[in-house]
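[1] no sequence on this one, just coordinates:
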């Protein structure tokens, strides 16, 4: 009797790009819903604009490149880029800001480099950086989270602001927007208040309700939950988020122990800004991240250190995007030096 | 006699086409990228540096061509550098005297024209082997090609970055220049990325891509014309 023989690999994991992207999208849902709950209609508008622009840009460029439009659109990669952008951009971003970010992500960062699988940089983060560098003022327009002051503006106010750039009489953009906790601590510290004073000033203010800011902590917790599900499903590699979170918490802890007066706590860093979104959904992008096991530890830890450095001493409020793109540049080099030994290789 | 003028015109055409398009300093040779990327924030800055480079190229090519009989191959490079450096110094002094504000904006990039590799490249590759007229024409066309790219890139970055065209034109054209500035919108928020160095890299990349697309299309057109012509002859 003759057994059928095939070359290795003999055990295949049946996971397509489509499956993978949609699992990531499902894992985003709890955090995204929390984001909408705490930051209002603006987040929903971000989603609508980013998804429609990203998908149409993807379709047009695929058509220009003579590729299969429908199949590639359905793999969900452009949809995921759009969702990450929508969650990263401030909730009161004007429509053109989201459009520019989406176009830069899909047209420049993804397709100019050759499309999915060839892009050296995470498209969503490149889109974010383009608008961050170009429009720093608009990038601070987060609405006040639910439970702080008047909370987020109602539907018509948000709609008019985002799409028409107009506000009702007697309202200014400053009265409906609010600095994020990371931003606020940074400005307070730069005005030479120390952190105890800053904390006392804001401890009882609703913005810093418990750990890292009303809304932010819940959004981050839910992204953490979604991320753990993703790791359990084997879609995201566990090493990158673990290395990232450990390095961020360690370095933040080190600085806050050494100089408590001028540094916020490790817990604050772990649950504020885009930390959890980055750890499980952005840094783990299989195309742009490091691919070797040891390389993934280095890659994740590098992002953690860079995020802390940019948050603490950089000019921009949150360093996620810059940290991820900087490590994207380093990923091929990391891979080169961390190739695992093939079984049987005598060179130890 | 007529044949001779014919070949001369043909040679001049080749030199011009090479400088402006097929061998463009910025788009094909990718030489002199440092000033190209650094000063093209506006049209006027680009034009200022472009004209300074153009004059340098014409003069250096002419002088190098004239010194051919006495140049020894071993020491030609130092001599080229000396010639170029003295020309650039003269231009720098002239700009400092008559276009002082533009001179201040362009700053270090005027003296740095000395190190622009396109100039020494033309001296070595063309002027040291050709006669005065051809060399001067080559310098002019190469400089013109470079200037055009500087102006187009400056225009792109100025338009996207600030929403204006010909801002600060008075630096170059005097009081007439003030009426040249075109502002498209008063409430334009400004697109900072286009003004910053990455904007220059992205803009130049797009220009090179555009040139390649045009070249490709022309090639495709020629390829279509030839099979059409053959059956008519047969």
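    Perfect, I can see it now. Every value quoted in this text rests on a predicted model; they were computed, and no experiment measured them. Numbers count the residues shown, from 1 in each chain, chains lettered A, B, ... in the order given.

[2] Need the contact partners of the helix or strand containing residue A:20.
    Residue A:20 belongs to helix A:17-39 when assigned by DSSP states H and E. Residues outside helix A:17-39 that contact it (C-beta atoms under 8 Å, 6 or more residues apart in numbering or on different chains) are A:43-44, A:47, A:74-77, A:79-80, A:83-84, A:87, A:91, A:116, A:142-143, A:145-146, A:152, A:214-216, A:218-220, A:222-223, A:225-227, A:229-230, A:233, A:235-236, A:276-277, A:280-281, A:286. Just so you know, the C-beta spots here come from the backbone N, C-alpha and C atoms, and that holds for glycine as well.

[3] and if we set it to 6 Å?
    With C-beta atoms under 6 Å, 6 or more residues apart in numbering or on different chains as the test, helix A:17-39 has contacts from A:43-44, A:75-77, A:80, A:83, A:87, A:91, A:143, A:145-146, A:152, A:215, A:218-219, A:222-223, A:226, A:229-230, A:233, A:235.

[4] in it, what counts as buried?
    A:17, A:20-25, A:27-28, A:30-32, A:34-36, A:38-39 (16 or more other C-beta atoms under 10 Å in any protein chain shown).

[5] Narrow the contacts of helix A:17-39 to those in helices?
    Cross-referencing the contacts of helix A:17-39 against helices under DSSP state H gives A:43-44, A:77, A:80, A:83, A:87, A:218-219, A:222-223, A:226, A:229-230.

[6] What is the most widely separated pair among those?
    Every pair in the ones in helices among the contacts of helix A:17-39 was compared (C-beta to C-beta); the two farthest apart turn out to be A:77 and A:218, at 27.9 Å.

[7] Produce a PyMOL select command limited to the buried residues of the contacts of helix A:17-39.
    Those of the contacts of helix A:17-39 that count as buried under 16+ other C-beta under 10 Å are selected in PyMOL with:
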select buried, chain A and resi 43+44+75+76+77+80+83+87+91+143+145+146+152+215+218+219+222+223+226+229+230+235
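
[8] tell me how far stretch A:233-241 is from the chain's mean position?
    16 Å (C-alpha atoms, centre = their mean, to the nearest Å).

[9] ok, and for it, which residues are buried?
    So for stretch A:233-241, counting by 16+ other C-beta under 10 Å, buried means A:235, A:236, A:237, A:238, A:239, A:240, A:241.

[10] For the closest residue to residue A:99 other than its chain neighbours, give its distance to residue A:292.
    Leaving aside its chain neighbours, residue A:99 sits nearest to residue A:53 (5.3 Å; criterion: C-beta to C-beta, 6 or more residues apart in numbering or on different chains). If you measure residue A:53 against residue A:292 using C-beta to C-beta, to the nearest Å, the figure is 35 Å.

[11] Looking at the two now, which is surrounded by more residues?
    Between residue A:53 and residue A:292, counted using other C-beta atoms under 10 Å in any protein chain shown, the more crowded position is residue A:53 (22 against 18).

[12] now that one, what's its secondary structure?
    State at residue A:53, reduced to three classes by DSSP: H, G, I helix; E, B strand; the rest coil: helix.

[13] In this structure it contacts residue A:100, no?
    No - using C-beta atoms under 6 Å, residue A:53 makes no contact with residue A:100, being 9.2 Å away.

[14] Spell out the residue ranges of the strands in chain B.
    Read by DSSP state E, chain B holds these strands, from start to end of the chain: B:164-165, B:182-183.

[15] next one: chain A
    So, for chain A - with DSSP E - there are no strands.

[16] For the residue of it found nearest chain B, list the residues it contacts.
    Proximity of chain A to chain B (C-beta to the nearest C-beta) peaks at residue A:134, 4.3 Å away. The contact partners of residue A:134, by C-beta under 6 Å, 6+ apart, come to B:191, B:192, B:193.

[17] Narrow those residues to those in helices?
    Those of those lying in helices (DSSP H): B:192, B:193.

[18] Neighbours of residue B:107, how many?
    When neighbours are counted by other C-beta under 10 Å, residue B:107 registers 11.

[19] Do you know the pLDDT at it?
    On pLDDT, residue B:107 comes in at 82.

[20] swap in residue A:315?
    Per-residue pLDDT puts residue A:315 at 79.

[21] CSV for the ones in helices among the contacts of helix A:17-39, including pLDDT and distance to residue A:66?
    Shown next, in CSV, are the ones in helices among the contacts of helix A:17-39 (pLDDT from 0 to 100; distance: C-beta to C-beta, whole Å):
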residue, pLDDT, distance to residue A:66
A:43, 92, 36
A:44, 93, 35
A:77, 91, 19
A:80, 94, 24
A:83, 95, 27
A:87, 93, 33
A:218, 86, 46
A:219, 90, 41
A:222, 92, 41
A:223, 93, 38
A:226, 94, 37
A:229, 94, 38
A:230, 92, 34
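
[22] Rebuild those residues as a markdown table, extending it with distance to residue A:246.
    Converted to a markdown table, the ones in helices among the contacts of helix A:17-39 look like this (distance: C-beta to C-beta, whole Å):
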| residue | distance to residue A:246 |
| --- | --- |
| A:43 | 30 |
| A:44 | 34 |
| A:77 | 29 |
| A:80 | 26 |
| A:83 | 27 |
| A:87 | 24 |
| A:218 | 23 |
| A:219 | 21 |
| A:222 | 21 |
| A:223 | 17 |
| A:226 | 20 |
| A:229 | 20 |
| A:230 | 18 |
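
[23] tell me the contacts of the nearest residue to residue A:245 once chain neighbours are set aside?
    Spatial nearest neighbour of residue A:245, chain neighbours left out: residue A:279 (5.6 Å); criterion: C-beta to C-beta, 6+ apart. When contacts are counted by C-beta under 6 Å, 6+ apart, residue A:279 touches A:241, A:244, A:245.
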